[in-house]
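> All I have is the shape, not the residue letters:
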């Protein structure tokens, strides 16, 4: 089990608790804006933002390699979100990155802004509140308030009542009454100026009203020390007498009275007590106003005393009661202090409620402090609606050009202005327009190809569709050395390297780990069944033979010899049903074992094959440090027991060739680069409209725009690689050229589409 996340959480919370600060929402908002502005700069200046950008790159690498090696399938309980991963980033930050608590809270909220920025989603209060880092920061702050607030409020109440002579540094002068009721007493209360300032900054008018009421209530209260002492004695005596021996049944009241008298005597509050045990200690306690109201005469005292002193349990409880009672402070100051502590603790709940309001208000401040992303892509829909309206009403000359205008403008927008990964509207629009249109084109083409009247042009349409469907899966670059894990040595020291190992093989929820457990379980089950056959089934048969025939056994070297008598009643042919039934039982046991063994072996080979394939994929893309960690994991898992070593040898043999070659770079397909993603969508749109509408001019228009966009993207050396939804792009410069097969297939699709459109146009002219 990886203990590092647990340690990081403890460090993170300890840093929060260790820092005292007065809460200033203006400072927090200002810090938040500073983080956002510095993050947007090409060359950030703040150390924490520079560290964040490094970690975001490592996060993108982690997700890239994880998806490349293990795929996107993972158990739900092990799924990590981008907010979770950015929270790990914050947990790992050194305290020196933050000079105030406001900065820490602002940064945790800023991380939620980063999540919305990389995902293209709207930044709103829910985004902040769903950020674990933000919740952890506030929860840590709330825990601190829960500890600190009672101490501060105790000092304020004590000062108001005259028990504390020195004025607390942040005492709310004019907002709390100062009756000085107990100025003739002194009370020591811890006062930390930083804590005072911190609590004063979040104490609102409602809490001050409750504090004022508490001060007045304590000021007006009469403190009877004697009554309190007797209540404590009563409480302890009730506990001792809750389970009386049978001999004392019916004497409960007398027993309680005698025990109270003994306690009074033990504290020298009375000069003598009936039958007082010599084993009890006698101490001195001063209880002002104490008067004994219990009768010293009772005919049952002697009997009760004899029973109690012989009962070890009751005497032990009595001694414990004396210690507990003696530990209490029964001076007036002690009583007043107890009330002050009680009232101060009552302020924590409303204070935490106030803190919750501050959190919500602060979230709103963070939202309003940054400019909202304006997504104006939807406005073009209004433009299309206006063009259609004008074409059907006032400008009917536009009617025959509506298809060209709308399709051409949308293709232009798609290729040069859109980023579906950053715009939920565009993504939804293309999902409900381009994909259904392309599916419709497939259905039309299949219908024509499968009909008896199919033509060559229908086969051309089918070829177009097949090529378009295959294009997204053709590698965009044959090999990108810059995407080799070995090119990022700093990644092995990042917090996300451990996350990658967990996802690949370390975590119990990783697919590889699950397969490994299945493998070891099968090996152990088979071995146990085999041992059972040799240890139990066969020996039972031989023991039965020895018992019934007097057969003896001897061992010669490595051979077992049986000496079977020449004849025995058990061996008589008349006994055939008996010994045959035993052989049949043995046969059934062996057949059951054979079936089970074959099933286990088949599952073992299948599981081992899965593991070998997964292991090969790990070492194919893994850098040398990850390969070493993977080998260490295999040995740690399979070397402990001898029965697993065969599997270990098989796995090591399977990956031996990959271990000798350089790590392979992660693959980049067209849909992982936004510039080529829109080209793919453009190709789908071109093929779909060409097959469905068979309009030569529309096809030419779309084809020209796609070629222009392709030429602009062809020479790109700086790539933004889309890794996964919500994950930051991985930015890198590539030194290799485009995969020739992608270029060829792309070009063939464009050419075939125009040929198809031209042939359709020509046939249309001829038929007209």
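Alright, I've got the coordinates. Note that this is a predicted model, so its numbers are computed, not measured. Numbering: from 1, shown residues only.
> ok, which stretches of the stretch 301-450 of the chain are helices?
301-310, 312-326, 332-346, 348-369, 379-392, 402-416, 424-450 (DSSP state H, counting those that start in this stretch).
> Name the SS class of residue 178, please.
coil (DSSP: H, G, I helix; E, B strand; the rest coil).
> what about it, neighbour count?
15 (other C-beta atoms under 10 Å). C-betas here are computed from N, CA, C, even on glycine.
> what residues are up against it?
Residue 178 sits next to 159, 160, 162 when contact means C-beta atoms under 8 Å, 6 or more residues apart in numbering.
> Pull out the buried residues from the host helix or strand of the first one.
Counting by DSSP states H and E, the secondary-structure element that holds residue 159 is helix 132-160. In terms of neighbour count (16 or more other C-beta atoms under 10 Å), helix 132-160 has its buried residues at 132-138, 140-142, 144-145, 148-160.
> So which elements touch it?
The elements that helix 132-160 packs onto, with contact taken as 3 or more C-beta pairs under 8 Å, 6 or more residues apart in numbering; DSSP states H and E, are helix 4-18, helix 82-91, helix 101-119, helix 193-202, helix 205-220, helix 332-346, helix 348-369.
> average pLDDT for the fourth one?
Helix 193-202 carries an average pLDDT of 89.
> how about it: buried residues?
Buried, per 16+ other C-beta under 10 Å, within helix 193-202: 195, 196, 197, 198, 199, 200, 202.
> Might you report the residue contacts of the nearest residue to the second one once chain neighbours are set aside?
Taking C-beta to C-beta, 6 or more residues apart in numbering, and ignoring the residues beside it in sequence, residue 196 has residue 170 as its nearest neighbour in space, at 3.8 Å. Residues near residue 170 by C-beta under 8 Å, 6+ apart: 152, 193, 196, 197, 199, 200.
> rerun that using 6 Å as the cut-off
196, 197, 200 (C-beta atoms under 6 Å, 6 or more residues apart in numbering).
> Next: residue 676.
So residue 676 contacts residue 670 (C-beta under 6 Å, 6+ apart).
> That one should be in a strand, yeah?
No: under three-state DSSP, residue 676 falls outside any strand and is assigned helix.
> quick one: low-confidence parts of this structure?
1-23, 73-79, 373-376, 764-768 (pLDDT under 70).
> quick one, domains of it?
1-221+347-373, 225-333, 422-484+668-767, 503-660 (automatic domain parsing).
> mind putting the buried residues of helix 193-202 in a markdown table, distance to residue 720 included?
Converted to a markdown table, those look like this (distance: C-beta to C-beta, whole Å):
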| residue | distance to residue 720 |
| --- | --- |
| 195 | 48 |
| 196 | 51 |
| 197 | 47 |
| 198 | 44 |
| 199 | 48 |
| 200 | 49 |
| 202 | 44 |
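> Of those, which is the nearest to residue 453?
The closest of the buried residues of helix 193-202 to residue 453 turns out to be residue 202 (C-beta to C-beta; 81.4 Å).
> related to what we said a few turns ago, okay, the helices and strands packed on helix 132-160, which one's buried deepest?
With neighbours taken as mean count of other C-beta atoms under 10 Å, these reach their highest mean count in helix 101-119, at a mean of 23.
> who does that one touch, helix- and strand-wise?
Judged by 3 or more C-beta pairs under 6 Å, 6 or more residues apart in numbering; DSSP states H and E, the packing partners of helix 101-119 are helix 25-40, helix 82-91, helix 125-129, helix 132-160.
> and the longest helix for this protein?
Longest helix of the chain, by residue count under DSSP state H: helix 576-621.
> still on that earlier bit, want to throw the domains of the chain into a markdown table with distance to residue 401?
Shown next, in a markdown table, are the domains of the chain (distance: least, C-beta to C-beta, whole Å):
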| stretch | distance to residue 401 |
| --- | --- |
| domain 1-221+347-373 | 34 |
| domain 225-333 | 95 |
| domain 422-484+668-767 | 10 |
| domain 503-660 | 52 |
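> what's the closest of those to residue 407?
domain 422-484+668-767 (5.7 Å).
> Quick one: neighbours of the closest residue to residue 674 other than its chain neighbours, just the number.
Leaving aside its chain neighbours, residue 674 sits nearest to residue 419 (5.4 Å; criterion: C-beta to C-beta, 6+ apart). The tally of other residues near residue 419 (other C-beta under 10 Å) stands at 16.
> For residue 419, give me phi and psi.
phi -140, psi 90 (degrees, to the nearest 10).
> Over to the one 3 residues further on?
In terms of degrees, to the nearest 10, the main-chain angles of residue 422 are phi -110, psi -10.
> From residue 478, how far off is it?
Using C-beta to C-beta, to the nearest Å, residue 422 is found at 28 Å from residue 478.
> more crowded one of the two?
residue 422 (18 against 15).
> starting at the chain centroid, how far to stretch 722-735?
Centroid separation between stretch 722-735 and its chain, computed with C-alpha atoms, centre = their mean, to the nearest Å, is 23 Å.
> and that stretch, which residues are buried?
722, 723, 726, 727, 728, 729, 730, 732, 734.
> how close does residue 423 get to residue 707?
Taking C-beta to C-beta, one finds residue 423 at 24 Å from residue 707.
> again, but for residue 436
Distance from residue 436 to residue 707, by C-beta to C-beta: 26 Å.
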